[in-house]
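S.K.: Provided below for reference: sequence and predicted model.
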Amino acid sequence: MTLSAASALTVAVYLLVADGLAALVLGGLLAPASALVVGVAVVGSWWQASLRRRLAEVPRLGAALVTLAALAVTLEVLVIAPAMLEAFVHLLVFLLLIKLYTRRTLRELRDIAFLAFFMLVAVAPATTSVVFLGILIVFLVGGTWLLLLRHLMIEADSAAAPPLRVGRDLIGLSLAASAATIAITAVLFVIIPRVGQAALPLRSQASRMVSGFSDRVELGAFGEIEADAAVVMRVHLKDWQGAGGGRPETLPNLRWRGMALDAFDGRAWTVSRRTLRLTLRRQLPVPFAVHQYYGGPVLTQEIYLEPIGSDMVFAAPRVLRLHGRSDFVILDDLGNIAVPAPSARLNYTVESEPEPVDPRRANVADARVPPDPRWLARYTQLPDLAPRIADLAREITAGSEDHYEAATRLSMWLGRNLRYTRALQRTTDLPPLEEFLFVQRAGNCEYFAAALAVMARSRGIPARVVNGFQRGEWNPYGDYFMVRLRDAHSWVEVFVRGAGWITLDPSPRVGVETPVAAARSALWLDSLRLSWYRYVVTWSLHDQLSAAESVRRTTSSWTALAQRPWDAAALPRVALALLVGTAAVVALVRWRRGVSADGGPVMPRFYARALRALARRGLTPADGETAREFAGRATAVAGTPLVRLTGVYERVRFGSMALSAAEAAEVEAWVTALEKART
Amino acid sequence: MATPVPRPTRDGWWFLGAMICVIAAATNTGNNLLYLLSALLLGLFLVSGVLSERSRRGLRLCAVLPEEIYAGRAFTVGARLENVKRRRVSRSLAVETAEQRFYVARLAPGEARLLTWETTLPRRGRHRLTGARVTTRFPFGLVVKRSGLLLDDDVLVFPAVRPIGDAWRRRLAAGGPRPVRRRGRGHDLYNLRDYRPGDDRRMIHWRSSAKTGALVVRELEAETALDTRLVLVGDGARDPARFEAALSEAASLAAHLTRADAAVELIGPGLHVPAGRGRAHLRRLLSALALYEPAAAAAARSAPRPGVSDLEIALA
């Protein structure tokens, strides 16, 4: 099946244009409505030849349009466009439309392809989406096709050759070239020297504003986002030091702490005061511990956070160090970490010291209540509360030996006696917490956390509410936690002597919500997204050095292997190396055979096949016997096709004649007949 | 021969310009997606190089030239382009000469294509053909790759051979043709022999054929003009144009006499081609005239032999 090259070329051009426009939409540089209008204009240009003839009859129309456009672009750049990038994009779109409507020659298609390519360039600083990879691949396939066809058509035109037809071989060649380009691009991308940290988008994506992660949180604020399944954070557990084994993803109580709040006015939690500690750029990682190190195992997490409209960075509790790329970070004495630069929040690494599994056994000398009475007052602060709340707390904690047991009893009581619901209702004028505890007896995690913190404080236990995310779903394809917006959660930290701040989660949410496991394909796609983020978007000089070191180590291990190849443990690797080496040599020999050694005529493949078929039947040419003599001798067995085949062979090999399609088919039939014949 | 360095086309310069811009932007901003685009352009350029190399390799270019080339007379030059690769197709090849460009869209493995064009070499002597070179812009038209294959054979151009003038014709006629005891195309019977396929049927001797019952044909004696010695006189130093014209006259006479089956000897200052007949001898004469350079020495002329007439041609 063949296709007209002109049609194929036109399709390729429009594919590139559509791809460029899709990139602009992806990067938020072209609104969907504008994209629709531009798309209609682009589709209209398909019939530009007839339109151009009509417009050519209008005198000075071209000059007027160009002048008008130049004025519009100037106005756009100087006044309308919010940023230079937008103005540049609008100019690109304008030029693209002009080119689409005025194109006359094949050479002008180059300009259209360049304009579409620069749309991708414009989008590059504005997105981190993995969809960009798809757009890039489509562009590569379409661009390769366009360049190939355009070249062949220009050559055929200049040689006045008959119109080019596109067959399967050309399509295959183009696809193979695209595949090879992708492979080379991947290698080049990894090795092109970087100068430091990767820069992340200049413009943050339209981020969703997530309530619950600011310094004032009203009760019930999470209600609207709890059902949202969008992935907002991916946590790769890089290292787990000092734990003496075990997989970090199985750690109990693993969650991603965001914002701790210490002051409660009966309706909302706030941060009572901020003790700022700034750290300047170039000094990252943060040169002091965010949380005091108690000597336990350290978990290193690499976190990829989607833009969610909050300055907070999330990490496992008890953050010790933060590695990032921000100009500065803001820390406070609640352990909250804020990074004002949006791009810096997209990827960071945190070292945390997870809480001990049994806080009672911990005996850290530094984990004591500070002697300053203001500290205790701050974490036991309460608004005016109904006395029955304190009475209830007293009743539940009666007989407790210490703060930890008392807080645990409160947490368990709340989890067992109250019901988790996302459908919040108010039916009385009582304060929210009192209504939750005594009337509704149902609420979401914020109500549970607030109730526990308030009841603990009423018993003199230092407590604070923490907003963050639950651990999320483990993705085995990429070895990371996939945290969704619906994992947003509230819990409580209580201060336990000897163990420090310990997490307690009174909410019975886990028992109520049926965890919905993502489909395998969804997990795989998400791991692809993380790989894209990890190995492309944030690839840096540091990664290059690590990769180089890894290669060096591997090389050393192979060198060591070569010195003791008969070591039993090394045998599989030696066998693999031999196999790969043999395959490489065979491939090389086959490749070298592609050109005859002396540059002379090579034996056509069909004749070689025929000889093999005859050899299977015991007929082989004798030394010094010509092909014709052999054919005469073998005819009795092989039949007349061999004589005719020999004639064609001589013509092709020594007369350098090419076979027509009909002849090739005939030869194929003869050879097949020889191959199928037995005896 | 060393392969010439590939040269970007105009499209190639555009491509390289865009690549440099994107690399500069990537380095400047540290944005990895810009690095990715840079790597993509670089990768595409490399793939273009590999594909064009695969297309360019494994080709053989041979000249197909006429046996005789005369000054000022157009002749056909042929270039036989062959793909000697076993499997790979060569695409989008061009054979470029000084005057023309031939495009070969596809050359299958083992396939050969004969490309011909006309050219004229105005002067006698040894010349190098202006050459034909295989080039390709395949696959994307970004780079022109020239093959090391060149068609730059040396050719010998004989002096221009024209019909001889009436004056020479009269001088030759004065000697008159005479039969010689050789097979030829004269009028007298030389021999009778059995008919062989391919013989001219007009030469069948019907009477003898009737007698013997098998076809018999006549063979005639050759007729020849007087065997001739062409003597170049003078050194040709004063008038180069006259010198060339004289050599052309000598070549024309030699050709004419050879056609008439005469033995021709050539003598001139620093030049002597002994007498001989036939086409091979004519080539010797024409080669000597093609390469002849004026010399100060006088012709070492021997005494005329009986039955051989001298024709003097003044060089200048």
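M.R.: Yes, it's here.
S.K.: any idea how far A:Leu528 is from B:Ala288?
M.R.: Using CB to CB, to the nearest Å, one gets 81 Å for the distance from A:Leu528 to B:Ala288. The C-beta positions use only the backbone N, C-alpha and C, and glycine is treated the same way.
S.K.: what about these two, which has more around it?
M.R.: In this comparison of A:Leu528 against B:Ala288, neighbours counted by other CB atoms under 10 Å in any protein chain shown, the higher total goes to B:Ala288 at 19 against 14.
S.K.: the stretch of helix or strand A:Ala179 belongs to - contacts with which helices or strands?
M.R.: Counting by DSSP states H and E, the element that carries A:Ala179 is helix A:168-191. When contacts are defined as 3 or more CB pairs under 8 Å, 6 or more residues apart in numbering or on different chains; DSSP states H and E, helix A:168-191 sits against helix A:131-158, helix A:541-563, helix B:32-56.
S.K.: and these: which comes nearest A:Ala180?
M.R.: The closest approach between A:Ala180 and any of the helices and strands packed on helix A:168-191, judged by CB to CB, belongs to helix B:32-56 at 5.0 Å.
S.K.: tell me which residues of the closest one are tucked away?
M.R.: For helix B:32-56, the buried set under the neighbour-count rule, 16 or more other CB atoms under 10 Å in any protein chain shown, comprises B:32-45, B:47-48, B:51-52, B:54-56.
S.K.: those residues also near chain A: which ones?
M.R.: Of the entries in the buried residues of helix B:32-56, those that also sit close to chain A under the rule CB under 8 Å from any CB of the partner chain are B:32-40, B:42-44, B:47, B:51.
S.K.: so what secondary structure elements neighbour the host helix or strand of A:Tyr14?
M.R.: Counting by DSSP H and E, the element that carries A:Tyr14 is helix A:5-26. In this structure, helix A:5-26 makes packing contacts with helix A:32-44, helix A:84-102, helix A:108-123, helix A:131-158, strand A:165-166, judged by 3+ CB pairs under 8 Å, 6+ apart.
S.K.: now do the helix holding A:Ala179 and helix A:5-26, the angle between them.
M.R.: Angle between the axes of helix A:168-191 and helix A:5-26 is 30 degrees (criterion: axes from the mean of the first three to the mean of the last three CA atoms, to 10 degrees).
S.K.: which parts of helix A:168-191 are buried?
M.R.: Of the residues in helix A:168-191, those with enough neighbours to count as buried (16+ other CB under 10 Å) are A:170, A:173-174, A:177-178, A:180-182, A:184-186, A:188-189.
S.K.: ok, then the element right after that helix?
M.R.: Using DSSP H and E, the helix or strand that directly follows helix A:168-191 along the chain is strand A:216-218.
S.K.: partners of that next one, with directions?
M.R.: Strand pairing for strand A:216-218, using DSSP bridges, gives strand A:268-270 (antiparallel).
S.K.: pull out the buried positions in the strand it pairs with.
M.R.: Applying 16+ other CB under 10 Å to strand A:268-270 flags A:Trp269 as buried.
S.K.: state the mean pLDDT of it.
M.R.: Predicted confidence along strand A:268-270 averages 90 (mean pLDDT).
S.K.: where does it sit relative to the chain's centre, distance-wise?
M.R.: How far strand A:268-270 lies from its chain's middle: 36 Å, per CA atoms, centre = their mean, to the nearest Å.
S.K.: how about the strands in the stretch 51-200 of chain B?
M.R.: B:59-64, B:69-70, B:75-83, B:90-97, B:101-107, B:112-119, B:125-128, B:132-136, B:143-150, B:154-158, B:178-194 (DSSP state E, counting those that start in this stretch).
S.K.: what's in contact with the next helix or strand after the last one?
M.R.: Just to be clear, that refers to strand B:178-194. Downstream of strand B:178-194, the first helix or strand assigned by DSSP H and E is helix B:206-212. Surrounding helix B:206-212, the residues in contact under the criterion CB atoms under 8 Å, 6 or more residues apart in numbering or on different chains are B:Leu192, B:Tyr195, B:Leu215, B:Val216.
S.K.: show me which of these is closest to chain A.
M.R.: Closest to chain A out of the contacts of helix B:206-212 is B:Tyr195 (30.6 Å), distances taken as CB to the nearest CB.
S.K.: pull the number of nearby residues for the closest one.
M.R.: By the other CB under 10 Å criterion, the neighbourhood of B:Tyr195 contains 15 residues.
S.K.: and it, what does it touch?
M.R.: For B:Tyr195, the contacting residues are B:Ile204, B:Ser209, B:Ala214, B:Leu215, B:Val216, B:Val217, taking CB under 8 Å, 6+ apart as the criterion.
S.K.: try it again with 7 Å
M.R.: Under the criterion of CB atoms under 7 Å, 6 or more residues apart in numbering or on different chains, the contact list for B:Tyr195 reads B:Ile204, B:Leu215, B:Val216, B:Val217.
S.K.: narrow those to those in strands?
M.R.: Among the contacts of B:Tyr195, the members falling in strands (DSSP state E) are B:Val216, B:Val217.
S.K.: turn the contacts of B:Tyr195 into JSON lines, including neighbour count, distance to chain A and pLDDT.
M.R.: Compiled in JSON lines, the contacts of B:Tyr195 are given as follows (neighbours: other CB atoms under 10 Å in any protein chain shown; distance: CB to the nearest CB, whole Å; pLDDT from 0 to 100):
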{"residue": "B:Ile204", "neighbour count": "15", "distance to chain A": "36", "pLDDT": "88"}
{"residue": "B:Leu215", "neighbour count": "15", "distance to chain A": "33", "pLDDT": "88"}
{"residue": "B:Val216", "neighbour count": "19", "distance to chain A": "36", "pLDDT": "90"}
{"residue": "B:Val217", "neighbour count": "19", "distance to chain A": "34", "pLDDT": "89"}
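S.K.: quick check: domain ranges of chain A?
M.R.: What the record gives for chain A is the domain set A:3-191, A:216-527, A:605-676, from automatic domain parsing.
S.K.: again but with chain B, I slipped
M.R.: If you go by automatic domain parsing, chain B breaks into B:1-158, B:159-175+B:226-316, B:178-224.
S.K.: one step back: for the helix holding A:Tyr14, buried residues please.
M.R.: Applying a neighbour-count criterion of 16+ other CB under 10 Å, the buried positions in helix A:5-26 are A:5, A:8-9, A:12-26.
S.K.: between that helix and helix A:32-44, how big is the angle?
M.R.: Interaxial angle of helix A:5-26 relative to helix A:32-44 (the same axes, to 10 degrees): 170 degrees.
S.K.: for helix A:5-26, list the C-alpha coordinates in CSV.
M.R.: Coordinates of each C-alpha in helix A:5-26 appear next as CSV, following Å, rounded to 0.1, in the frame of the first residue of the first chain:
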residue,chain,number,x,y,z
ALA,A,5,3.9,11.9,-0.3
ALA,A,6,2.2,15.3,-0.5
SER,A,7,-0.7,14.1,1.6
ALA,A,8,1.6,12.4,4.0
LEU,A,9,3.6,15.6,4.3
THR,A,10,0.6,17.7,4.9
VAL,A,11,-0.6,15.4,7.7
ALA,A,12,2.9,15.6,9.3
VAL,A,13,2.8,19.4,9.2
TYR,A,14,-0.6,19.6,10.9
LEU,A,15,0.4,16.9,13.4
LEU,A,16,3.4,19.1,14.5
VAL,A,17,1.2,22.2,14.7
ALA,A,18,-1.4,20.4,16.8
ASP,A,19,1.4,19.0,19.0
GLY,A,20,2.9,22.5,19.5
LEU,A,21,-0.5,23.9,20.4
ALA,A,22,-1.2,21.0,22.8
ALA,A,23,2.2,21.9,24.5
LEU,A,24,1.1,25.5,24.9
VAL,A,25,-2.2,24.4,26.5
LEU,A,26,-0.3,22.0,28.8
